[in-house]
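Colleague: A structural model of the following input is requested.
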Amino acid sequence: MQAWHPITKLVAVLGVLALAWLWWTGDDFQTGMASDDPAGTVPVAHAEPVAVPEVRPVADGALFARALPSIEAFSGMLERPLFSSTRRPAVVAPELALMDVPSAAVEPAAGLRPPAIRFIGSVEENGAVRAFVGDGLDVQALATGDEIEGWRVVSIEPRRLLLGLDDERYELKILE
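Modeller: Next up is the predicted model:
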């Protein structure tokens, strides 16, 4: 408590005093309990149990008045997304087959099949560089010298991954 700010100490003391005052001056007289009245001046009523009527749903749908509106009511939000910086809907690119559109600047020789992967990105941590590649289902982290589908990782750059198989080279770039 020595490290507390003086105002914090004052607020704590005033809070304890306020709680004690509320407890001392509590509204016991409003409860109507016989135990609250030691002199016996409060009449105690002995009530019979009251039957509660059965609640039935309203037929006109007023019971469901708090239901969510249909998706069409939110068309303005869909046309101008709140958390998009441009307030325009995101453009989703169609999925392209990895084998149909190779992302290689250096094509492998005929007969060699490049790995069916996509270069996602690279990370450097404590001098070690790792490349993240994915095949659409799984993501792998590769280091220089690792093998994937028979190809060996030759070099990893921030936006470029170079794979080698014997004398052939295959280059993958991000976003291509």
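
Colleague: distance of residue 71 relative to residue 91?
Modeller: 21 Å (C-beta to C-beta, to the nearest Å). Glycine gets a C-beta too; all of them are placed from N, C-alpha and C.

Colleague: pick out whichever of these two has more residues nearby.
Modeller: Set residue 71 next to residue 91 and count neighbours by other C-beta atoms under 10 Å: residue 71 wins out with 9 against 5.

Colleague: quick one, phi/psi of that one?
Modeller: phi -60, psi -30 (degrees, to the nearest 10).

Colleague: before we move on, what about residue 134?
Modeller: Torsion angles, degrees, to the nearest 10, at residue 134: phi -140, psi 150.

Colleague: got the confidence number for it?
Modeller: pLDDT for residue 134: 87.

Colleague: neighbours of it, just the number please.
Modeller: Neighbours around residue 134, by other C-beta under 10 Å: 13.

Colleague: one more: residue 139?
Modeller: For residue 139, the neighbour count with other C-beta under 10 Å is 13.

Colleague: could you list the low-pLDDT ranges of the chain?
Modeller: 1, 27-47, 50, 52-53, 55-66, 90, 92-111, 175-176 (pLDDT under 70).
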